[in-house]
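Peer 1: here is my input, please return the structure:
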Amino acid sequence: MNKKFTINLDGIKTEVERRKIPLNKIILDIKNPRIQYFLDTKLNTDVTPDQVKFALAESNDQYLKLKELIESNKGIYEAIWVFPNKDKFIVIEGNTRAFIYEELSQKYSNDRKWKEIDAYILPREIDRSRINFIRLEKHLFGPTPWSAYEKARELHRLFKDEYYPIKRLQQLTKLGSTEIKNSIQAFKDMEEQYLQKYKGPTQRLKFSYFVEFRKNKELQTLMNKNELSLEQFCDWVGEDKFRRGEDIRKLPLVLKDEQAKKELINNDFQAALDQLGQKNPSANSKLFEDIQKVIKGIDKISFSELSEIKGGLQPGKVNDLKLLYNKLYKLLQNIGVL
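Peer 2: Down below sits the predicted model:
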């Protein structure tokens, strides 16, 4: 049954029609970030329909679960979003569901319920801003969120190709301006620098390294002082110097120590931390990192808090301090320094 109603999309009243559409009238959206992520890893630029469909399954870790749910439910419970294109309809949200329907229509070739799919149909003259709004709303806050890389790709596209200012992206995504800028810059670093030299389908899995790089203020200061270049960082990532993105958080410690920096260049990041750990145990030990935090915390204890402890108003804190003292005393005895 056809149903027309009016809703707000990006603050604009929009008439939407809901009805079932034959699968042979559906066109999957090649601009979908999940599809683009897969296509980025391909050396050729010719995109086939089979590649697009394969991308939806390969790049979405929820694909199999979603397929099982749709099959057992005998249909989708949330309609896809499309807009007219000549005599076809381009999917702007729900590409994976549309692809799953196509698979199930082949599996159950005699069952007509898999031959058409429930859809919200946007007006033919719909503008890009409302299409972008639907994509962001569904994949930033919906049940199938984009990965960090997919999100950054879309933010970069809106910022660079559609001239969305940062403030506008903040309103749409509810993300902070710094996070948006870091994501966009990290994506740009990968696309324009890193991936030009280090190619291959697994390289984009290192996106978190570039996010950590861009949000680390000390690394940006070293960059501004010309003590570190993006090219150097790209080479270290490409040469597998780091084991995980979190390693980048401690990179400033390594770069400030000449011996540790040499170990990074000649070996890898773990060797650099081991070298640095001889002088600074907190560099490669979570325990001693926490001990450093305790030391700094004790140095910063406020006069009012100290007065309350001394006045007997904080007996729990006194007990914790006594326990800490006893543990440290026994440890220092065991290692022979007392």
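
Peer 1: neighbours of the closest residue to Gln203 other than its chain neighbours, how many?
Peer 2: Distance criterion C-beta to C-beta, 6 or more residues apart in numbering; nearest residue to Gln203, sequence neighbours excluded, is Leu195 at 6.2 Å. Yep, even glycine has a C-beta here, placed from its N, CA and C like the rest. Per other C-beta atoms under 10 Å, the neighbour tally for Leu195 reads 18.

Peer 1: ditto for Lys262
Peer 2: 14.

Peer 1: look up the pLDDT of it for me, please.
Peer 2: For Lys262, the model assigns a pLDDT of 95.

Peer 1: rewinding a little: which strand or helix spans the residue nearest to Gln203?
Peer 2: Using DSSP states H and E, Leu195 maps to helix 195-197.

Peer 1: cool, Leu158 as well?
Peer 2: helix 148-160.

Peer 1: may I see the buried residues of that helix?
Peer 2: 149-159 (16 or more other C-beta atoms under 10 Å).

Peer 1: would you map out the domains in this protein?
Peer 2: Structural domains annotated on the chain: 3-127, 237-300, 302-338, as defined by automatic domain parsing.

Peer 1: could you dump those into CSV and include distance to Asn216?
Peer 2: Shown next, in CSV, are those (distance: least, C-beta to C-beta, whole Å):
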stretch, distance to Asn216
domain 3-127, 25
domain 237-300, 6
domain 302-338, 29
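
Peer 1: closest to Arg204 out of the ones you listed?
Peer 2: Comparing those against Arg204 with C-beta to C-beta, the closest turns out to be domain 3-127 (6.5 Å).

Peer 1: how long is that closest one from one end to the other?
Peer 2: 22 Å (C-alpha to C-alpha, to the nearest Å).

Peer 1: how about Lys113: what's its closest non-neighbour residue?
Peer 2: Nearest non-adjacent residue to Lys113 (C-beta to C-beta, 6+ apart): Gly75, at 6.4 Å.

Peer 1: where does Lys4 sit: helix, strand or coil?
Peer 2: Using DSSP: H, G, I helix; E, B strand; the rest coil, the structure places Lys4 in strand.

Peer 1: put the alpha carbons of the helix ranked longest in the chain into CSV.
Peer 2: Longest helix of the chain, by residue count under DSSP state H: helix 315-334. In CSV, the C-alpha atoms belonging to helix 315-334 read as follows (Å, rounded to 0.1, in the frame of the first residue of the first chain):
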residue,chain,number,x,y,z
PRO,A,315,39.7,8.1,57.2
GLY,A,316,39.4,6.1,53.9
LYS,A,317,42.1,8.2,52.3
VAL,A,318,44.4,7.7,55.3
ASN,A,319,43.9,3.9,55.1
ASP,A,320,44.7,4.0,51.3
LEU,A,321,47.9,6.0,52.0
LYS,A,322,49.0,3.6,54.8
LEU,A,323,48.3,0.6,52.5
LEU,A,324,50.4,2.3,49.7
TYR,A,325,53.2,2.9,52.2
ASN,A,326,53.3,-0.7,53.4
LYS,A,327,53.2,-2.1,49.9
LEU,A,328,56.1,0.2,48.8
TYR,A,329,58.1,-0.5,51.9
LYS,A,330,57.9,-4.3,51.5
LEU,A,331,58.7,-4.0,47.8
LEU,A,332,61.8,-1.9,48.5
GLN,A,333,62.9,-4.4,51.1
ASN,A,334,62.5,-7.3,48.7
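
Peer 1: the nearest residue to Glu116 once chain neighbours are set aside: what's it in contact with?
Peer 2: Distance criterion C-beta to C-beta, 6+ apart; nearest residue to Glu116, sequence neighbours excluded, is Lys20 at 4.3 Å. Residues near Lys20 by C-beta atoms under 8 Å, 6 or more residues apart in numbering: 116-119.

Peer 1: tabulate those (a markdown table), appending neighbour count, secondary structure and pLDDT.
Peer 2: Conversion of the contacts of Lys20 to a markdown table gives the following (neighbours: other C-beta atoms under 10 Å; DSSP: H, G, I helix; E, B strand; the rest coil; pLDDT from 0 to 100):
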| residue | neighbour count | secondary structure | pLDDT |
| --- | --- | --- | --- |
| Glu116 | 17 | strand | 95 |
| Ile117 | 26 | strand | 96 |
| Asp118 | 17 | strand | 96 |
| Ala119 | 26 | strand | 96 |
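
Peer 1: which regions of the stretch 51-200 of the chain sit below the pLDDT cut-off?
Peer 2: Applying pLDDT under 70 to the stretch 51-200 of the chain flags residues 51-61, 142-144.

Peer 1: can you show me the helices along it?
Peer 2: Taking DSSP state H, counting those that start in this stretch as the criterion, the stretch 51-200 of the chain contains helices spanning 63-73, 95-107, 128-141, 148-160, 166-173, 177-189, 195-197.
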